[in-house]
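Student: build me a structure from this.
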Amino acid sequence: VRPERREIQLIKRLQQFVPDALPVVRKASWHCRQCHHDYYGEQYCTHCQTGGFSIPRTTQEEICEF
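Tutor: Residues are numbered from 1 along each chain as shown. Prediction:
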């Protein structure tokens, strides 16, 4: 997954204060509200090629509400 430009800039600014710090990648179960694809890993839907429509998946009931 390629991070967005603003995310890269933020990481570089933060590393000025904590040089050895690495970005945290949140891995979880996700549900894409655009294409209704369920997946696990980083918040990035490979079908839509974005993570902007993805929400954390906790229970099937919560997904059905959307």
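
Student: alpha carbons only for contacts and neighbour counts from here, please
Tutor: Will do.

Student: would Ile8 count as being in a helix?
Tutor: Yes - according to DSSP: H, G, I helix; E, B strand; the rest coil, Ile8 belongs to a helix.

Student: pull the number of nearby residues for it.
Tutor: 13 (other C-alpha atoms under 10 Å).

Student: starting from His37, give me the distance back to it.
Tutor: Separation of Ile8 from His37 (C-alpha to C-alpha, to the nearest Å) stands at 27 Å.

Student: for Gly51, same thing?
Tutor: Counting by C-alpha to C-alpha - Gly51 and His37 are separated by 11 Å.

Student: identify the contacts common to these two.
Tutor: The contact sets of Gly51 and His37 overlap at Cys45 (C-alpha atoms under 8 Å, 6 or more residues apart in numbering).

Student: quick check, central residue of the protein?
Tutor: Gln43 (2.3 Å; C-alpha atoms, centre = their mean).

Student: OK, contacts around that one?
Tutor: So Gln43 contacts 26-28, 30, 51, 54 (C-alpha under 8 Å, 6+ apart).

Student: make it 6 Å
Tutor: Gln43 makes contact with Gly51 under the criterion C-alpha atoms under 6 Å, 6 or more residues apart in numbering.

Student: point out where the protein drops to low pLDDT.
Tutor: Residue ranges of the chain with pLDDT under 70: 1-3, 59-66.

Student: try it again with 80
Tutor: Residue ranges of the chain with pLDDT under 80: 1-4, 22-26, 58-66.

Student: would you map the strands across it?
Tutor: According to DSSP state E, the chain carries its strands in the segments 28-32, 38-41, 54-56.

Student: which other helices and strands contact the first one?
Tutor: Just to be clear, that refers to strand 28-32. strand 38-41, strand 54-56 (3 or more C-alpha pairs under 6 Å, 6 or more residues apart in numbering; DSSP states H and E).

Student: now the ones you listed in JSON lines, with distance to Arg13 and mean neighbour count?
Tutor: Converted to JSON lines, these look like this (distance: least, C-alpha to C-alpha, whole Å; neighbours: other C-alpha atoms under 10 Å):
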{"stretch": "strand 38-41", "distance to Arg13": "26", "mean neighbour count": "15"}
{"stretch": "strand 54-56", "distance to Arg13": "27", "mean neighbour count": "18"}
